[in-house]
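**Q** no sequence for this one, just the structure:
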């Protein structure tokens with residue numbers, strides 16, 4: 001082992017940072033190709049019905065147009081199975097152009113291929129489509145009336161006798177909370193460049209899963225998996241929208257195969273609202289029963305969330321409910337409601353994000369009813385073990401997160417009465433909420449090469465969506481070899497490389513670090529044996545520890561909002577967050593992840609909402625002028641602390657993931673602070689001025 005100062009944990013600049021700021025980092029749409037064709041979709045303006053007549057002739061005669069693809073001239077495509085273990089999962093299981101039926105506004109009905117993007121876009125308006133419209137359902141209530149609600153049997157948690165215990169509890173809260181449709185809106189648009197080379201398909205794609213994307217695409221196209229290669233060295237954000245295969249990627253590949261020319265398909269921003277996933281709307285009823293001292297006796301959390309008519313997606317709002325607090329009597333249920341919208345998908349901290357808004361808002365209401373400090377109520381209910389699985393925690397520092405967050409924030413100065421804290425003409429509101437996310441680890445394969453020139457190369461078929469994966473891999477190799485960080489070459493984002501994990505669920509660091517360490521040690525052993533170059537390989541996977549321990553991360557948020565009633569101005573002034581996410585490999589990229597999640601949660605709490613036109617089913621605010629996301633002007637003072645305590649059981653170095661945990665609970669903390677300032681309990685996100693003044 002080298003005697004150099006440790007590099008693990010250091011706040012190093014990003015490995016790929018210079019390439020990004022100098023423009024040398026090629027994203028999917030940046031790649032050149034000879035003879036490139038551009039794709040532009042024709043999208044349905046109705047939410048339900050069928051195509052009565054489709055006439056592409058005017059578009060086909062337009063300048064530069066090479067072809068118009070639609071349901072009559074595209075070969076039948078296969079539906080993929082829902083099998084993540086074998087890399088087979090699509091965001092929308094119904095292949096594009098499967099039939100004439102329309103299931104949601106924005107659904108592709110044709111795609112125009114032309115020599116330039118402008119020509120394709122112009123010609124797409126000349127495709128004539130007549131529709132037979134049918135009644136559509138957009139809201140949860142409309143979906144229940146039209147299709148009913150499907151209880152998800154495999155998404156239920158139940159222990160004890162929660163109904164009876166709740167009914168007899170000395171203190172009770174029974175409230176309903178709703179969250180709207182939110183859209184991921186990564187800076188980089190969804191983009192695919194598909195090109196047939198020899199007898200195989202090469203795809204430059206903005207994907208969070210270079211292992212699964214080629215396998216799923218190959219299945220849909222009826223190809224052997226080895227005939228499809230996906231490249232994604234740089235991704236400009238994803239937040240879950242780029243986890244799985246969407247129709248635009250399929251159509252780019254189909255067009256490239258039929259026309260024998262490379263095809264680029266960049267999904268326009270307006271169709272990010274309909275054709276590439278979103279967080280579904282939820283309605284959640286939370287019932288809490290407690291002793292007078294705040295000890296929880298019963299928790300009942302039931303949720304309805306919408307899905308599409310072509311693919312079921314469950315927003316597991318109770319994901320954290322059964323484990324976040326110690327409680328003997330718990331019921332968690334999820335009901336799925338089909339509606340005429342595009343298929344939802346995972347969005348940062350899926351399930352737990354809207355779920356903790358409801359649960360942590362209810363906890364605040366319980367604290368008020370008991371005249372207990374909100375942070376103290378959480379302290380009294382910290383779980384000593386995972387009561388759902390009846391396992392000890394691999395590590396838990398939840399109470400330390402609460403204590404340190406309240407200390408750094410100055411929580412002891414909080415006065416309990418609504419509107420009792422002021423700064424000039426502004427009324428201060430202080431809110432608290434807990435944060436949590438499972439600590440996940442999967443299979444990883446890594447190869448490390450130590451070269452005679454004093455450099456090293458580490459390769460893995462994972463990807464970096466902006467979270468710092470390049471940097472983490474280089475840091476581990478540098479730590480174990482003693483080579484300077486600048487001497488480490490990292491190759492990822494290529495399905496031809498050894499298998500890597502999906503960039504979702506905050507699992508990449510915990511998954512790849514043990515494999516990198518093993519491969520590096522194997523390479524060092526070869527060097528000691530006199531081999532050059534020395535190449536080490538490793539495959540790591542979770543083992544028996546999953547049966548012996550429960551793995552989870554915890555955290556705490558304190559929030560200050562400022563409300564100026566004279567001008568009806570509400571702003572988040574500061575946030576203090578403390579997170580236990582095991583060993584921190586790079587403090588700079590790790591803190592950046594939490595800060596980004598906090599701002600995303602601020603947008604969820606105050607700004608974000610997709611609005612559907614009830615007449616057509618189309619998204620009325622399908623642009624970034626009308627769909628509001630948090631910007632620099634909205635950013636509060638952020639104080640993020642990472643405990644940096646290695647988990648002894650999750651793998652070498654003890655790192656847990658932390659991309660998702662920062663957004664859990666933060667919307668509730670903001671809502672709780674808003675109540676403390678204004679006396680208005682807004683249970684329906686987003687918290688708008690109109691709702692405060694209603």
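**A** That came in fine, so what should we check first? This is a predicted model, so every value here is computed, not measured.
**Q** which residues touch the closest residue to residue 244 other than its chain neighbours?
**A** Closest residue to residue 244 apart from its sequence neighbours, by Cβ to Cβ, 6 or more residues apart in numbering: residue 91 at 4.0 Å. C-beta: built from backbone N, CA, C; applies to glycine. Residues near residue 91 by Cβ atoms under 8 Å, 6 or more residues apart in numbering: 243, 244, 245, 246, 276, 277, 311, 343, 345.
**Q** you'd agree residue 247 is up against residue 92?
**A** Yes. Counting by Cβ atoms under 8 Å, residue 247 touches residue 92, with 6.2 Å between them.
**Q** Can you tell me, leaving aside adjacent residues, what's nearest to residue 122?
**A** Distances taken as Cβ to Cβ, 6+ apart place residue 62 nearest to residue 122, at 6.6 Å, with adjacent residues excluded.
**Q** Can you get me a residue count around residue 599?
**A** Residue 599 has 23 neighbours, counted by other Cβ atoms under 10 Å.
**Q** Now the helix or strand harbouring it: buried residues?
**A** Assessed by DSSP states H and E, residue 599 sits inside helix 587-606. Neighbour counts over helix 587-606 (16 or more other Cβ atoms under 10 Å) mark 589-606 as buried.
**Q** Also stretch 435-447?
**A** Judged by neighbour count using 16+ other Cβ under 10 Å, the buried positions of stretch 435-447 are 435, 436, 437, 438, 439, 440, 441, 442, 444, 445, 446, 447.
**Q** what's the answer for stretch 258-270, then?
**A** Neighbour-count burial for stretch 258-270 [16+ other Cβ under 10 Å]: 258, 259, 261, 262, 263, 264, 265, 266, 267, 268.
**Q** Could you tell me the per-residue confidence at the last one?
**A** Residue-level confidence at residue 268 comes out at 96, pLDDT.
**Q** which residue ranges form the helices in the stretch 151-300 of the chain?
**A** In the stretch 151-300 of the chain, the helices defined using DSSP state H, counting those that start in this stretch lie at 162-168, 212-221, 247-259.
**Q** follow-up on the earlier one: TSV please, covering the buried residues of stretch 435-447 and showing distance to residue 412 and pLDDT.
**A** Output for those, formatted as TSV (distance: Cβ to Cβ, whole Å; pLDDT from 0 to 100):
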residue	distance to residue 412	pLDDT
435	21	98
436	24	98
437	28	98
438	32	98
439	31	97
440	36	96
441	38	96
442	42	96
444	44	98
445	50	98
446	47	98
447	53	98
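**Q** one step back: so the residue nearest to residue 122 makes contact with residue 120?
**A** No. Taking Cβ under 8 Å as the definition, residue 62 is not a contact partner of residue 120, at 9.1 Å.
**Q** and the residue nearest to residue 43 when sequence neighbours are not counted, helix, strand or coil?
**A** In this structure, residue 43 finds its nearest non-sequential neighbour in residue 106, 4.9 Å apart by Cβ to Cβ, 6+ apart. Three-state assignment for residue 106 (DSSP: H, G, I helix; E, B strand; the rest coil): coil.
**Q** Report the separation between residue 106 and residue 693.
**A** 33 Å (Cβ to Cβ, to the nearest Å).
**Q** Settle it for me: which of the two has more neighbours?
**A** Each of residue 106 and residue 693 has its neighbours counted (other Cβ under 10 Å); residue 106 has more, 24 against 10.
**Q** out of the helices of the stretch 151-300 of the chain, nearest to residue 554?
**A** helix 162-168 (22.9 Å; Cβ to Cβ).
**Q** ok so, going back, closest one of the buried residues of stretch 435-447 to residue 559?
**A** Nearest to residue 559, judged by Cβ to Cβ, of these is residue 435 at 11.8 Å.
**Q** which ones are touching the residue of the chain most remote from its centre?
**A** Within the chain, the residue lying farthest from the chain centre (Cα atoms, centre = their mean) is residue 530, at 45.7 Å. Neighbour list for residue 530: empty [criterion: Cβ under 8 Å, 6+ apart].
**Q** and if you look at residue 277?
**A** Contacts of residue 277 (Cβ under 8 Å, 6+ apart): 91, 184, 240, 241, 246, 342, 343, 344, 345, 346, 347.
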